[in-house]
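Peer 1: here's a sequence, model it:
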Amino acid sequence: MNDNNRFTKLIIFFSLFMLLLISPLFTTMSKGAEPPEKQPIQKTPLVKKAPPKLGSHHYSHAISFGGSGFGDGSFDQPVDIDVDSDNNIFVLDKGNNNIQKFDRNGIFLFQSEGEQWNGERLYIKKDQKWNRSFDGPSAIAIDKFDNVYIVEANKNLIWKFITEEDEAEYPSDTQQIELFDEEEVNKNEKIRKKLVIIIGSLGSVKGKFQNPTDIVIDEENNLYILDSGNYRIQKITTRGKIKEWGSYGSCRECFLNPTKLAYDPTGFGYIYVLDKQRKGYILHKTDTNGNFLETLDVFNNPRNPILNPTDIYIDKDGFLYILDKKSSTVYKFNTDGEFIQKISSPAQSQEATLKAPQAIIQDSDKRLLILDSKDNLIKIYDQN
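Peer 2: Purely as a prediction, here's the structure:
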């Protein structure tokens, strides 16, 4: 009996030992084997196109008008262009010594040769003296009242044709010319048809000019005149006060061969000056009080060299345009000098193709109007 009990206990002990020994194996089997580690699926990365830069647009040719000649609607060496508040287009023609006005679609409206304005020949009173014809005008600008300003480099003066009376004051030596029709002049009547303001004359003191080449106007109607022969900018306020800055040389605050101005209308009040230095072209950036801020070198990029810039312009969104006659291209930058795009028309037609861009402006519909001096055409491009 004792032997049987001893054998029974031995069997129980052995069974418990074996159970303890194999229980982990059952646990592992019940859980199942761990699956092999999954390898990540190799995906071919998508090649995404870089998004267009801010300010990059497509421009399509809309219309062209003009052509070479001497009559109404024709040009002989046009040099500058601007638009009024109704998007009427004014073209300054150095060869014909006149201004021509067109509607927004290029329909001819009138031309002026100084004493003639809006198709009406006007006269001065007998006691006034006035050399009434243009002589090599170089730039045009239109203010917020639609008054028209003409820079005459040969006569060293600025014309202002009054469209709407304003409260502007002028330097003390400014000449004011009252224009009448012929009958009123003979009767010595006082019903004025037009008022012309003539600012400046040859000289180097404030308010005098030597070969002025360009003019821009700010929102307050202050004038900024590039007095190239005196290597300076002159600011004439609406109160007739004059401030000047710049001098001759290659220093940071100097001009060597300044030719064009641009004004930033976005509220920052920057003035840009195109200047040809000994090593090439640069852009001076100043504020409206004459403080030089920086110099931008946007001309020597190997991919987009600008070899013969003819005009600079800043639109109401703050983008800078530089025209290059050498490459027949318009280059677009932001006002920090970062390149955005080239604007050059494919050979759609002779009228659409840019050949020698001379001047540029943007109207209120954001159309680009480009004066092409090669074929004496105004070419208009829609922004899409």
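
Peer 1: and Val83, how close does it get to Asp135?
Peer 2: 25 Å (Cβ to Cβ, to the nearest Å). Where you see a C-beta, it was placed from the backbone N, CA and C, and this is true even at glycine.

Peer 1: which of those two has more neighbours?
Peer 2: Between Val83 and Asp135, counted using other Cβ atoms under 10 Å, the more crowded position is Val83 (20 against 12).

Peer 1: hmm, that one is touching Val91, no?
Peer 2: No. Assessed by Cβ atoms under 8 Å, Val83 is found out of contact with Val91, at 10.4 Å.

Peer 1: and the closest residue to Leu256 other than its chain neighbours, what does it touch?
Peer 2: Counting by Cβ to Cβ, 6 or more residues apart in numbering, Gln277 is the residue found nearest to Leu256 once chain neighbours are left out, at 5.1 Å. Gln277 is in contact with 250, 256-257, counting by Cβ atoms under 8 Å, 6 or more residues apart in numbering.

Peer 1: now swap in Ile378 and tell me
Peer 2: Counting by Cβ under 8 Å, 6+ apart, Ile378 has contacts 64-66, 78, 81, 89, 91, 102, 106, 369-372.

Peer 1: same check, this time on Ser112
Peer 2: Ser112 makes contacts with 98-101, 118, 161, as judged by Cβ under 8 Å, 6+ apart.

Peer 1: most widely separated two among these?
Peer 2: Farthest-apart pair in the contacts of Ser112 is Gln100 and Phe161; separation 13.7 Å (Cβ to Cβ).

Peer 1: what stretches of this structure score poorly on pLDDT?
Peer 2: When residues are selected by pLDDT under 70, those of the chain lie in 1-53, 113-132, 164-165, 178-194, 345-348.

Peer 1: any chance you could map the helices in it?
Peer 2: 2-31, 182-187 (DSSP state H).

Peer 1: now the strands for the stretch 251-384 of the chain?
Peer 2: Per DSSP state E, counting those that start in this stretch, the stretch 251-384 of the chain carries strands over the ranges 258-263, 270-277, 280-287, 292-296, 309-314, 319-324, 329-334, 339-343, 357-362, 368-372, 377-383.

Peer 1: about what we covered before: just the contacts of Gln277 now: which is nearest Lys243?
Peer 2: Closest to Lys243, out of all of the contacts of Gln277 and judged by Cβ to Cβ, is Leu256, at 21.5 Å.

Peer 1: the closest one reaches Lys276, doesn't it?
Peer 2: Yes. Between Leu256 and Lys276 there is a contact under Cβ under 8 Å: 6.6 Å.
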